[in-house]
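**Student:** Mind looking at a prediction? Sequence and model below.
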Amino acid sequence: MKNMKKIISAALAGIMLLPLAGCAFKKIERVRSKDFKNAIEEVFDEDDYGTYGDSIFVNDEHYAVNFTEFDDEDDARDTWEEALDNFDDMMDDHDFDGRTVRVDRDSYGYILFDGECEDSDFMGDRSYIYGGIFYVDDQYIAVVTDKDKDANRDNVDTILTAIGFPHP
């Protein structure tokens, strides 16, 4: 009887997690640069971001926001794999305390995170990180804050929702 209760409890817990898994592991689609600009303009002033070639980025001390469209899908994939390697090293070294989701498919992937970070190779010298890093086809996108404040997290969520990407 005790074993049956444990089995039923485990099954119910698994069923309750299914809606979360559906949201967290969704496929992401390419983003038009215009849509990315519009998304960051919901949070930042037009003067707060810059462009360089096929990149759009935010110049703010508490955010790492970047959209890069590469000429070649392999270049985007190489950048993504470097981020994955740094993330995996951080996790292997137990240098992160918080929540993460890691998805890596052939044509897209993302890492979502919310927590304390002790690894400068992953996101620089940030002790707290909230947001995500994304790869889809020939694009590499990062939307991250290092401030553990509701307003900062809300800004990251606003951008990610506007471009149709999952957030932590």
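**Tutor:** The structure has been received and is ready for your questions. Numbers count the residues shown, from 1 in each chain.

**Student:** contacts and neighbour counts: CA atoms only from here.
**Tutor:** Fine.

**Student:** Quick one, grab the pLDDT at Ala64.
**Tutor:** In this model, Ala64 is scored at 91, pLDDT.

**Student:** did I read that right, it in a strand?
**Tutor:** Yes: assessed by DSSP: H, G, I helix; E, B strand; the rest coil, Ala64 belongs to a strand.

**Student:** Tell me if I'm right that Val58 and Tyr52 touch.
**Tutor:** No: using C-alpha atoms under 8 Å, Val58 is not in contact with Tyr52; the gap is 11.3 Å.

**Student:** These two: which is more packed in?
**Tutor:** Val58 (21 against 8; other C-alpha atoms under 10 Å).

**Student:** so what's the residue nearest to that one when sequence neighbours are not counted up against?
**Tutor:** Counting by C-alpha to C-alpha, 6 or more residues apart in numbering, Val58 lies nearest to Tyr49, which is 4.1 Å off, once chain neighbours are set aside. With contacts defined as C-alpha atoms under 8 Å, 6 or more residues apart in numbering, the neighbours of Tyr49 are 56-59.

**Student:** quick one, strands of the chain?
**Tutor:** Remark: strands assigned in the chain by DSSP state E are 49-52, 55-58, 63-69, 96-104, 108-117, 128-136, 139-145.

**Student:** and the residue nearest to Lys27 when sequence neighbours are not counted, what is it in contact with?
**Tutor:** The shortest distance from Lys27 to any non-neighbouring residue, by C-alpha to C-alpha, 6+ apart, is to Tyr108 (7.4 Å). By C-alpha under 8 Å, 6+ apart, the contact set of Tyr108 is 27-28, 134-137.

**Student:** most centrally placed residue in the chain?
**Tutor:** Nearest to the mean C-alpha position of the chain, by C-alpha atoms, centre = their mean, lies Gly132 at 1.2 Å.

**Student:** Confirm for me that it is in contact with Val103.
**Tutor:** No: the criterion here is C-alpha under 8 Å, and Gly132 misses it with Val103 at 11.1 Å.

**Student:** my read: Ile56 touches Asp48, true?
**Tutor:** No: Ile56 lies out of contact with Asp48 (C-alpha under 8 Å); the separation is 10.8 Å.
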